[in-house]
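Asker: next comes the sequence, and after it the predicted model I'd like to discuss.
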Amino acid sequence: MAAPAAPRLYFGQLTREQLRAFVAACIGYALDGYDFVIISLVLRDITSEFHLTLAAAGSLISAMFLARWMSGGFLGWIGDKLGRRTGMMLSILLYAGGTLLCGLAWSYWSLFMFRILVGIGVAGEYATSVTYVLETWPAHWRNRASAFLISTFYVGSALAAQVYVLVVPSFGWRALFFTGAAPILLAIYIRRGIIESPEWEESVAHGERPGRRGLGTLLRGENARTILMLVVVAFATFVANQTPKSFLPTYLASIGRDPGAVGNLMSTLSISTAVSMCILGIIADHVGTRRTLLGQYVLGAMALLLLFVPPQLGPVGAVVAIVLVGVTQQTVGAIVPKYVSQFFSTHVRCLSLGIVLNLGALGGSFGPVAAGTLGQRFGVANGVLYTVEGAMLVLIAVVALLREPAEPELEEARVAPASAA
């Protein structure tokens, strides 16, 4: 009797089920980015219709961060208790449903509450999608899995800008929110069309109780110290990632760049960042997560100096500096989810990522405020530099000091060719 045919492998490593699971998670994460940014695209229209002050309008952007630190942990717990697929599906339904409701808002306060609902879903998606992808890919490819997934957020953001041009001039700002409900269809597909995380299923089969007393376990003894240090890593990562993007258009305009040039340079930054994230993940799978992070932090800090220190950059110099920042400094978050995940066992991994990454996301709000405050005294460029270079130094110190588990995926990568031979 003939032996059954071996399953076809894509890219030499991935089964069809693994690839399909990854594509579904990437679509969910890209649409997460889409729903995340559309509020900023139509904020002027909303301000006019509801007669909002500048502070009230800004609060609609920050609203989604209010419940993020708590809801990320809760939806992570759901992912540990009921499965990664269930947690991811619920998160998508929350952020897509919240976005749909934003299009039906009748007042400032209704829109504010719906934005909180979007934030809850985004927080859960961050934890569950990352965990799902990491656990469905081969161990020695998990840095690239993390980086590939995170890079799709930029794809979603770019897509939102293009849909805005097509939809809002003809149909109004509410129609843009209605398009953000499309991920509901993806949630239905996830429920029926992709596999559950094999690692999670194995933990259940071995009698572990995912999610049970998970938070208490994380906050005891050495675990509490590790959680705290990883939150610092995530917080500093968000400071380093969000702050330059927040002030770069203002800075470029202040040194004489016209609006068209600013737009082109910001697009260059996004493209170079997304592509470089994928390359960084491949490098990290070969040389190790920690080594890659430390090298990236050093190079990123140097690239930032090249962009903000010179008093005047010519057209070519500006493009070169922007690309270098995109390649090194703006990719700081690409493999952090994988770095954090290796510290936790399967039955608390989703909860842990939900807590660490979403508490760390508060750095995305802190960084611009700190840089703006410093910028009032020392100038925009120096305000950004002091804030971001400080965050990069914190990242170097903590990652260098934090003792991490062994990285078995590197051993697997080295042994695999010999075994195949």
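Answerer: That came through, no problem. Numbering: from 1, shown residues only.

Asker: for stretch 255-265, list the C-alpha coordinates in PDB.
Answerer: What follows is stretch 255-265, C-alpha atoms only, in PDB (Å, rounded to 0.1, in the frame of the first residue of the first chain):
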ATOM      1  CA  ILE A 255      12.500  73.500   7.800                       C
ATOM      2  CA  GLY A 256      10.800  74.600   4.600                       C
ATOM      3  CA  ARG A 257       9.200  71.500   3.100                       C
ATOM      4  CA  ASP A 258       6.000  72.200   1.200                       C
ATOM      5  CA  PRO A 259       2.800  70.100   1.900                       C
ATOM      6  CA  GLY A 260       3.400  67.900  -1.100                       C
ATOM      7  CA  ALA A 261       7.000  67.100  -0.100                       C
ATOM      8  CA  VAL A 262       5.800  66.400   3.500                       C
ATOM      9  CA  GLY A 263       3.200  63.900   2.200                       C
ATOM     10  CA  ASN A 264       5.700  62.200   0.000                       C
ATOM     11  CA  LEU A 265       8.300  61.900   2.800                       C
END
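
Asker: chain center to that stretch, what's the gap?
Answerer: A distance of 26 Å separates the centroid of the chain from that of stretch 255-265, by CA atoms, centre = their mean, to the nearest Å.

Asker: and if you look at stretch 173-190?
Answerer: On CA atoms, centre = their mean, the centre of stretch 173-190 falls 20 Å from that of its chain.

Asker: show me which residues of it are buried.
Answerer: For stretch 173-190, burial by neighbour count (16 or more other CB atoms under 10 Å) applies to 173-174, 176-177, 179-181, 183, 186-187, 190. Heads up, the C-betas are built off the backbone N, CA and C, glycines and all.

Asker: for the record, mean pLDDT for it?
Answerer: Averaged across stretch 173-190, the pLDDT comes to 80.

Asker: ok, and what's touching it?
Answerer: Contact with stretch 173-190 is made by 24, 27-28, 31-32, 34-35, 38, 41-42, 45-46, 49, 85, 88-89, 92-93, 95-97, 99-100, 102-104, 160, 163-164, 167-168, as judged by CB atoms under 8 Å, 6 or more residues apart in numbering.

Asker: keeping just the C-alphas, turn that stretch into CSV.
Answerer: Extracted in CSV, the C-alpha atoms of stretch 173-190 (Å, rounded to 0.1, in the frame of the first residue of the first chain):
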residue,chain,number,x,y,z
TRP,A,173,-17.9,61.0,6.9
ARG,A,174,-20.4,58.4,8.3
ALA,A,175,-19.9,56.2,5.2
LEU,A,176,-16.2,55.8,6.0
PHE,A,177,-17.1,54.3,9.3
PHE,A,178,-19.6,51.9,7.6
THR,A,179,-16.8,50.6,5.5
GLY,A,180,-15.0,49.8,8.7
ALA,A,181,-17.6,47.1,9.5
ALA,A,182,-16.2,44.8,6.8
PRO,A,183,-14.1,42.8,9.3
ILE,A,184,-17.4,41.2,10.5
LEU,A,185,-17.2,39.0,7.5
LEU,A,186,-13.7,38.0,8.4
ALA,A,187,-14.9,37.0,11.9
ILE,A,188,-17.4,34.6,10.3
TYR,A,189,-14.6,33.1,8.2
ILE,A,190,-12.3,32.7,11.2
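
Asker: dihedrals phi and psi, the residue nearest to Gly103 when sequence neighbours are not counted?
Answerer: In space, and not counting its chain neighbours, Gly103 is closest to Phe177: 3.3 Å by CB to CB, 6 or more residues apart in numbering. Note on Phe177: its backbone torsions stand at phi -70, psi -30 [degrees, to the nearest 10].

Asker: show me the contacts of stretch 173-190 that map onto helices.
Answerer: Using DSSP state H, the subset of those located in helices is 24, 27-28, 31-32, 34-35, 38, 41, 45-46, 49, 85, 88-89, 92-93, 95-97, 99-100, 102, 160, 163-164, 167-168.

Asker: give me the buried entries from those residues.
Answerer: 24, 27-28, 31-32, 34-35, 38, 41, 46, 85, 88-89, 92-93, 95-97, 99-100, 102, 160, 163-164, 167-168.

Asker: what residue ranges in the stretch 51-200 of the chain score low on pLDDT?
Answerer: Applying pLDDT under 70 to the stretch 51-200 of the chain flags residues 54, 186, 190-192.

Asker: what about the closest residue to Leu248 other than its chain neighbours, how many neighbours?
Answerer: Nearest residue to Leu248 in three dimensions, chain neighbours excluded: Met266, at 6.8 Å (CB to CB, 6+ apart). Residues contacting Met266 under the criterion other CB atoms under 10 Å number 15.

Asker: again with Ala123
Answerer: So Ala123, with other CB under 10 Å, has 29 neighbours.

Asker: check contacts around it.
Answerer: Contact partners of Ala123, counting by CB under 8 Å, 6+ apart, are 67-69, 71-72, 75, 91, 354, 358, 361.

Asker: now render those as TSV, adding neighbour count, distance to Thr243 and secondary structure.
Answerer: Formatted as TSV, the contacts of Ala123 follow (neighbours: other CB atoms under 10 Å; distance: CB to CB, whole Å; DSSP: H, G, I helix; E, B strand; the rest coil):
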residue	neighbour count	distance to Thr243	secondary structure
Ala67	16	23	coil
Arg68	25	18	helix
Trp69	19	19	helix
Ser71	23	24	helix
Gly72	31	21	helix
Leu75	27	27	helix
Ser91	31	27	helix
Gly354	32	24	helix
Asn358	27	18	helix
Ala361	23	13	coil
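
Asker: and which of the residues you listed is nearest to Val327?
Answerer: Ala361 (23.4 Å; CB to CB).

Asker: and Arg257, what are its phi and psi?
Answerer: phi -80, psi 130.
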